[in-house]
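Visitor: Generate coordinates for the sequence data below:
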Amino acid sequence: MRITIDDLSGPEVAELLDDHLRSMALYSPPESIHALDLEALKRPGITFWSAWEGTELVGCGALKRLDSEHAELKSMKTSPRHLRRGVARRLLQHLLDQAQARGFRRVSLETGSTADFEPARLLYERFGFEYCAPFADYAEDPFSVFMTKSLQ
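Guide: Numbering: from 1, shown residues only. Next up, the predicted model:
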């Protein structure tokens, strides 16, 4: 699998991100969806990576700079055709390595609280993320859980 910084211009990436937003809408009310769309992911302070096997997009993820020591994990998504093949695990490790290389001391994330998000929560737990209070601009939400990991 090749993981590369992506400029978000390819149709495959746009399609995967659209699928991500549609999936979020199935499990959370609109006010509880914190996934970023294509244009929001192009904002300064966000780096987006895509993961490829040959010419096929298998997943994506991003880091959003919150401050000089704290980043947020955004837009982790595995292509539906590649679920349970280690894509998310490899992407997450890559993003954590990149966060550490960039000098961040902590990475946090928001994910869903319902059973549909249990695989994601279990992955983050296996990587040492711990549950925490809302961070940055987030507020308590019954459809969200917040997790953080120290990189020290």
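
Visitor: which residues of this structure score low on pLDDT?
Guide: Regions of the chain meeting the criterion pLDDT under 70 are absent.

Visitor: go with 80
Guide: Regions of the chain meeting the criterion pLDDT under 80 cover residues 83.

Visitor: could you pull out the helices for this protein?
Guide: Under the criterion DSSP state H, helices of the chain are mapped to 11-27, 87-101, 118-126.

Visitor: Single out the most deeply packed of these.
Guide: Between those, helix 87-101 has the highest mean count of neighbours, a mean of 18, where neighbours are mean count of other CB atoms under 10 Å. C-beta here means a position set from N, CA and C on the backbone, and glycine is covered the same way.

Visitor: neighbouring contacts of stretch 14-27?
Guide: 8, 33, 35, 37-38, 41, 57, 59-60, 75, 77, 79-80, 112, 114, 116-117, 143 (CB atoms under 8 Å, 6 or more residues apart in numbering).

Visitor: Just the buried ones from those?
Guide: Among these, those scoring as buried are 8, 33, 35, 41, 57, 59-60, 75, 77, 79, 112, 117, 143 (criterion: 16 or more other CB atoms under 10 Å).
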